[in-house]
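> what follows is a predicted structure for the sequence shown.
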Amino acid sequence: MEEFARALTDFVRDHEAWAAPIVFLLAFGESIAFVSLLVPAWGALVAIGALIGVSGINFYPVWLAGALGAALGDWVSYWFGFRYKEHVAQIWPLSRYPDILPRGEAFVKKWGVPSIFIGRFFGPLRASVPLAAGIFEMPYGTFQMANFVSALIWSAALLLFGDVIGRIMEWIWHAF
């Protein structure tokens, strides 16, 4: 995974115009149920965030692309859960890890709308919470409001974290 993040970061450094589309795809993959297990993009998103301050990449388009990708990934997960309710538990990887869905259900039932915000920031919950919200029919408008607002915050947090790390590393490099 580290090599994947490094290769993407190098590509974005050399081709800054691709930063927003790549961040969109990474955030989408990171947020969509099932795919997020295969595409753990968190490290690559932070690494691309580190390029923002040191390379001159414009923060706002990349931030919005990340937020939109994350929100669309969660929307697809919600829709999939809503549409295929009882069949979802029989699909891999949930069929191999039967405790994930009941844990997601309990989490959504306990926390409600805040579960969408909380789930966005914790890897194991990121894709299962929207799926559970769809299965257990959280109201669509309520879900989408929490989905888009939390996606904006999540995208900013990852990219700004990377930006801060990048600026600190640049300062250390020049200081010593």
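Arrived safely, thanks for sending.

> return the helix or strand in this protein with minimum mean pLDDT.
One helix or strand of the chain scores below all others by mean pLDDT, DSSP states H and E: helix 35-38, with a mean of 69.

> ok, then the element right after that one?
Downstream of helix 35-38, the next assigned helix or strand under DSSP states H and E is helix 42-55.

> may I see the buried residues of that following helix?
42-53 (16 or more other Cβ atoms under 10 Å). Just so you know, the C-beta spots here come from the backbone N, C-alpha and C atoms, and that holds for glycine as well.

> a markdown table for the residues you listed, including pLDDT and distance to residue 171?
Formatted as a markdown table, the buried residues of helix 42-55 follow (pLDDT from 0 to 100; distance: Cβ to Cβ, whole Å):
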| residue | pLDDT | distance to residue 171 |
| --- | --- | --- |
| 42 | 82 | 24 |
| 43 | 83 | 22 |
| 44 | 86 | 23 |
| 45 | 89 | 22 |
| 46 | 88 | 18 |
| 47 | 87 | 18 |
| 48 | 90 | 19 |
| 49 | 90 | 16 |
| 50 | 87 | 13 |
| 51 | 88 | 15 |
| 52 | 86 | 15 |
| 53 | 75 | 11 |
